[in-house]
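> My questions are about this predicted structure, shown below with the sequence.
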Amino acid sequence: MSVSAVTERRMLTENEFELVARTHYPDISELSREDLTEAARRLRDYRDKARDIARHQRREMRGKAAPRGAQPARDNTGTTIKKQIFAQALKRVNRELARFKQADRQESQADIARRALALKRANRARHHPGAGRTAATGMSVSPNPKRSVNVDPREVGRVSQFVKQGQARRDG
């Protein structure tokens, strides 16, 4: 559950509220990476301190720890809310830091296009190696054992007039 800005102002000291107020949008987007890491460190310290105090107050209420002040704590809701405020602010800062890291990890579209063009240009090179050493005279011609006479396909399967003429000459 989120805590309103009015509750934050009421529950926190001036320095704490100033730090937490800088973690709200749009102020958080104006912070640099160094400012964000410093804010995260301070928020973590504040959160841990509030957590420890809330734990001790809870133990005082149950009678398991000696009271820090003159009387034992009767309620620790204020300290718990304070811890919750710091935890939410820390979560916002961590999310913004994650955005910075993601932006560093991702390549820009121009970088991707340049790399693709370089790969395409590198791929233009011929991939087939040369033939290597070959004979000086080249290949020799070997005769074809098949017949070289071409027969008209219309003449295949019937007796041609040339055959008839050849028989007539032999007969005569």
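Ah, there it is.
> In space, not sequence, find me the middle residue of the chain.
Closest to where the C-alpha atoms of the chain average out (Cα atoms, centre = their mean) is Q106, at 6.6 Å.
> which SSE is the nearest residue to T23 once chain neighbours are set aside in?
Computed as Cβ to Cβ, 6 or more residues apart in numbering, the closest residue to T23 that is not its neighbour in sequence is A89, at 4.3 Å. (Glycine included, C-beta is placed from N, CA and C.) Under DSSP states H and E, the secondary-structure element containing A89 is helix 77-105.
> before we move on, what about L36?
Short version: L36 belongs to helix 33-62, going by DSSP H and E.
> Please identify the buried residues of that helix?
36, 39-40, 42-43, 46-47, 50-51, 53-54, 56-57, 59-60 (16 or more other Cβ atoms under 10 Å).
> just stretch 21-37 next, same as before
Along stretch 21-37, the positions that meet the burial threshold by neighbour count (16+ other Cβ under 10 Å) are 22-23, 28, 31, 36.
> Pull the contacting residues for P26.
In this structure, P26 makes contact with no residue, judged by Cβ atoms under 8 Å, 6 or more residues apart in numbering.
> Do me a favour and get the backbone dihedrals for it.
In this entry, P26 is assigned phi and psi values of phi -90, psi 0 (degrees, to the nearest 10).
> Against which helices or strands is the helix holding L36 packed?
On a contact count with 3 or more Cβ pairs under 8 Å, 6 or more residues apart in numbering; DSSP states H and E, helix 33-62 meets helix 14-21, helix 77-105.
> will you turn the ones you listed into JSON lines that also has distance to P153 and mean pLDDT?
Rendered in JSON lines, the data for those read as follows (distance: least, Cβ to Cβ, whole Å; pLDDT from 0 to 100):
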{"stretch": "helix 14-21", "distance to P153": "98", "mean pLDDT": "96"}
{"stretch": "helix 77-105", "distance to P153": "72", "mean pLDDT": "93"}
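> Roughly how far does the residue nearest to the centre of the chain sit from F100?
The span separating Q106 from F100 equals 11 Å under the rule Cβ to Cβ, to the nearest Å.
> for A66, same thing?
From A66 over to F100 (counting by Cβ to Cβ), the distance is 45 Å.
> That's all I had, so thanks and see you.
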